[in-house]
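J.: Sequence plus predicted model, see below.
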Amino acid sequence: AVSSGSAATVELRNGCVCCSLADELMDAVGALAEGRAVDHVVVEMSGVANPYASIAKWNEAAAAGHVATKAARLQQVVTVVDAATFGTNWMTFDAAGDRDGWTEKGDECTASKKIPELLADQIDGANTVLMNKVDIAGEKRVREATQIVKAMNAEARVHTVAFGKVDVSEILRTDAAAPKKSCCADPTCEKPDCDAPPPESTGGDSSKSPSSCGGSSKSPSSCG
């Protein structure tokens with residue numbers, strides 16, 4: 001539920017905006033944009049969020065004419081990669097639920113997902129990737145992680161950063177290509193090789209662009 005809010009911030013708790021809190025997220029975006037000039041809306045998600053599921057929910061809301069998708073359009077998906085642990089997590093056989101604090105109680109869907117699969121979804125679904133913690137990862141780990149990221153998503157902009165510090169203009173870009181659509185996020189889809197770009201949301205202003213921010217570290221606050 002919405003636990004706290006101000007003119008610029010709304011916090012959603014006890015759920016995932018990819019699924020259980022998707023409707024509340026749409027309502028919150030609509031409320032933030034109502035009656036005020038909003039340049040950008042940034043949605044910070046947990047470290048185990050699935051960007052494709054969020055994109056699918058946004059497109060469903062757009063098709064239904066939700067007010068949030070008329071006030072804004074989904075333009076950026078930013079994924080934060082922990083360069084120091086990426087190699088280890090990429091090679092593990094663990095599921096997200098095997099790691100302490102990675103998932104919420106009762107979220108069996110996320111808990112059952114293999115960590116490399118989760119990382120792949122987050123990287124493949126991003127417009128922009130922040131290769132974070134390069135100050136402690138070392139040149140070799142950063143190089144290897146960057147090579148894997150670029151092999152999976154050659155179209156994404158990759159920035160090497162420390163402490164999540166990056167020019168805010170790279171996060172709030174309005175000229176980025178629309179996020180990719182994946183049928184994998186829709187269990188009813190019969191075409192798993194769906195690579196067609198999503199239709200543009202009806203209405204909205206490209207200067208009011210929500211950015212979904214997922215992360216591939218275990219920290220729930222993985223966007224810096």
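T.: That came through fine.

J.: Show me what the helix or strand where residue 131 lies is packed up against.
T.: Residue 131 belongs to strand 128-132 when elements are defined using DSSP states H and E. Packing contacts for strand 128-132, counted by 3 or more C-beta pairs under 8 Å, 6 or more residues apart in numbering; DSSP states H and E, involve strand 76-82, helix 139-152, strand 157-160. No exception for glycine: its C-beta is placed from N, CA and C like everyone else's.

J.: Just the mean pLDDT for the second one, thanks.
T.: When pLDDT is averaged along helix 139-152, the result is 96.

J.: can you give me the angle it makes with strand 76-82?
T.: Put simply, helix 139-152 runs at 150 degrees to strand 76-82, going by axes from the mean of the first three to the mean of the last three C-alpha atoms, to 10 degrees.

J.: buried stuff in helix 139-152?
T.: By 16 or more other C-beta atoms under 10 Å, the buried positions in helix 139-152 come out as 141, 142, 144, 145, 146, 148, 149, 152.

J.: nearest to residue 52, of those?
T.: The shortest approach to residue 52 among the buried residues of helix 139-152 belongs to residue 152, at 13.4 Å (C-beta to C-beta).

J.: My read is that that closest one contacts residue 125, right?
T.: No: with contact defined as C-beta atoms under 8 Å, residue 152 does not count as touching residue 125 (10.1 Å).

J.: sorry, back to before: how big is the angle separating the strand holding residue 131 from helix 139-152?
T.: Between strand 128-132 and helix 139-152, the angle comes out at 160 degrees (the same axes, to 10 degrees).

J.: Name the residues that touch strand 128-132?
T.: Applying C-beta atoms under 8 Å, 6 or more residues apart in numbering, the contact partners of strand 128-132 are 76-83, 123, 142, 145-146, 149, 153, 156-164, 166, 170-171, 173, 176, 217, 224.

J.: next structured bit after that strand?
T.: Following strand 128-132 in sequence order, the next helix or strand is helix 134-137 (DSSP H and E).

J.: ok, residue 123 - contacts?
T.: Residue 123 makes contact with 79, 81, 129, 149, 152, 153, 156, 216, according to C-beta under 8 Å, 6+ apart.

J.: Is it possible to get CSV of those that adds distance to residue 107?
T.: Formatted as CSV, the contacts of residue 123 follow (distance: C-beta to C-beta, whole Å):
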residue, distance to residue 107
79, 20
81, 22
129, 25
149, 26
152, 25
153, 26
156, 27
216, 17
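
J.: wait, which of those residues is closest to residue 115?
T.: Proximity of the contacts of residue 123 to residue 115 (C-beta to C-beta) peaks at residue 216, which lies at 8.8 Å.

J.: How are the helices of the chain distributed by residue range?
T.: Shown for the chain, the helices assigned by DSSP state H span residues 22-33, 51-63, 67-71, 86-90, 108-111, 115-124, 134-137, 139-152, 168-171.

J.: now those helices as CSV including distance to residue 40?
T.: Shown next, in CSV, are these (distance: least, C-beta to C-beta, whole Å):
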stretch, distance to residue 40
helix 22-33, 10
helix 51-63, 15
helix 67-71, 12
helix 86-90, 28
helix 108-111, 27
helix 115-124, 21
helix 134-137, 26
helix 139-152, 25
helix 168-171, 9
